[in-house]
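Colleague: no FASTA, just this:
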């Protein structure tokens, strides 16, 4: 795969695909974490006199956070101390004129890519390169730099469509992500512990199945809705309210799959031994085997309990490699962040090489100032797809582009 330092960018027009999809509250972006993550790539290109065309998506149609990239331009401008002009167009005449007018060391940001219909659906690379988006922009570009790891599991025109037309290059963030995840996945250091939480139950089951079958994990610790599904699969009753909630979410149908995994790998998948509920406005921890478990009929499980945190922390202390995705509970409510914070702190305090990802996971790490984690991944879905052993379309596109252009690049550089 091509690396950023392999090329000379002086006076070259570079399409920089990033993922600046950020949380929005009352119409305002409330986190600049993803902006900061791509700064090394953006600054490198500008310092090497590239003409930079930045492109990102933000949310999807009809969502509250489906906004223009005007704020994205303002945030980037303030972070790099020079103007990043907002262009209210994607591949139309106005956008193309703005790209042509760029001078070395200047940057523009195109409108929210998902305002273009072609960017909404996923299609194979061959179809993506035939889109109006790619055909209109390709003649204006010299290189395509992709730093959007969080979208690497998607196959859309801006992500893979240029791969056979222009050299497609990994940005610094992309390279860092791929190196860290590959190290965690391929490492022979033992023990290797995976912590699977959050609400992406189906994706987490794929990861569990892949890493256990491939002997890439020694233990899996579960929390969040993933933990609830495995707890049900073990035959425990989580009460009327909780079972109804899982049914509404369409997750009960996954219990059979979780049961099969437990049958095959029983001692290697650990589930919570206690849970926390909101009982009359206060956190109450209920042991799974206690007489108080009738409370699960009336009160929703919001976190793992402190006995579970203690057990998990002891295991994490011994680990050499840790991969974690998703929170242990509803961390947005302070009283129910104890499980997530306790587990993530234990990961940070461990001497293991650790990779933690998922939007909610990152938010809790920053909110509670958790230190010591080796690599915080910007991708949730992309990270889960990677550890599930799936081929990520963007990584495949890098390989295709490298094979297509490697000889040409050697001659030019």
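Modeller: Ah, there it is. On a predicted model such as this, the values are computed, not experimentally measured, just so you know.

Colleague: avg pLDDT for stretch 76-86?
Modeller: In this model, stretch 76-86 has an average pLDDT of 98.

Colleague: which other residues reach that stretch?
Modeller: Counting contacts by C-beta atoms under 8 Å, 6 or more residues apart in numbering, the residues outside stretch 76-86 that touch it are 32, 35-36, 39, 42-43, 46, 54, 68-70, 72-74, 98, 106-109, 111. Quick note: C-beta positions are derived from backbone N, CA and C, even for glycine.

Colleague: How far does that stretch stretch from one end to the other?
Modeller: Stretch 76-86 has an end-to-end distance of 10 Å (criterion: C-alpha to C-alpha, to the nearest Å).

Colleague: cool, and stretch 74-91?
Modeller: 21 Å.

Colleague: Flag every buried residue along that stretch.
Modeller: With burial defined by 16 or more other C-beta atoms under 10 Å, the residues of stretch 74-91 counted as buried are 75-77, 79, 84, 86-87, 90-91.

Colleague: from these, which is closest to residue 282?
Modeller: Proximity of the buried residues of stretch 74-91 to residue 282 was ranked by C-beta to C-beta; the top entry is residue 75 with 38.9 Å.

Colleague: Which helix or strand contains residue 65?
Modeller: With the criterion set as DSSP states H and E, no secondary-structure element contains residue 65; it sits in neither a helix nor a strand.

Colleague: Taking the buried residues of stretch 74-91, tell me the two that lie furthest apart.
Modeller: Farthest-apart pair in the buried residues of stretch 74-91 is 79 and 91; separation 26.0 Å (C-beta to C-beta).

Colleague: How much space separates residue 108 from residue 16?
Modeller: Going from residue 108 to residue 16 by C-beta to C-beta, to the nearest Å gives 10 Å.

Colleague: any shared contact partners between the two?
Modeller: Both residue 108 and residue 16 are contacted by 52-54, under the criterion C-beta under 8 Å, 6+ apart.

Colleague: so which of those residues is the most crowded?
Modeller: Of all those, residue 54 has the most neighbours under the rule other C-beta atoms under 10 Å, reaching 27 neighbours.

Colleague: which ones are touching residue 324?
Modeller: Listed by C-beta under 8 Å, 6+ apart, the contact partners of residue 324 are 194-197, 343-344, 347, 354-357, 361.

Colleague: Can you tell me which of these lies closest to residue 178?
Modeller: Nearest to residue 178 out of these is residue 355 (C-beta to C-beta; 11.6 Å).

Colleague: hang on, the closest one is in a strand, isn't it?
Modeller: Yes: assessed with DSSP: H, G, I helix; E, B strand; the rest coil, residue 355 lies in a strand.

Colleague: Bridged to it, which residues?
Modeller: Beta-bridge pairing of residue 355, defined through DSSP bridges, involves residue 323, residue 375.

Colleague: try residue 108
Modeller: residue 53, residue 85.

Colleague: That one contacts residue 97, correct?
Modeller: No: using C-beta atoms under 8 Å, residue 108 makes no contact with residue 97, being 10.8 Å away.

Colleague: Give me the more crowded residue out of the two.
Modeller: Each of residue 108 and residue 97 had its neighbours counted (other C-beta under 10 Å), and the higher figure belongs to residue 108 (20 against 12).

Colleague: and the more buried one, what is it in contact with?
Modeller: Neighbouring residues of residue 108 by C-beta under 8 Å, 6+ apart: 52-54, 84-87, 98-99, 102.
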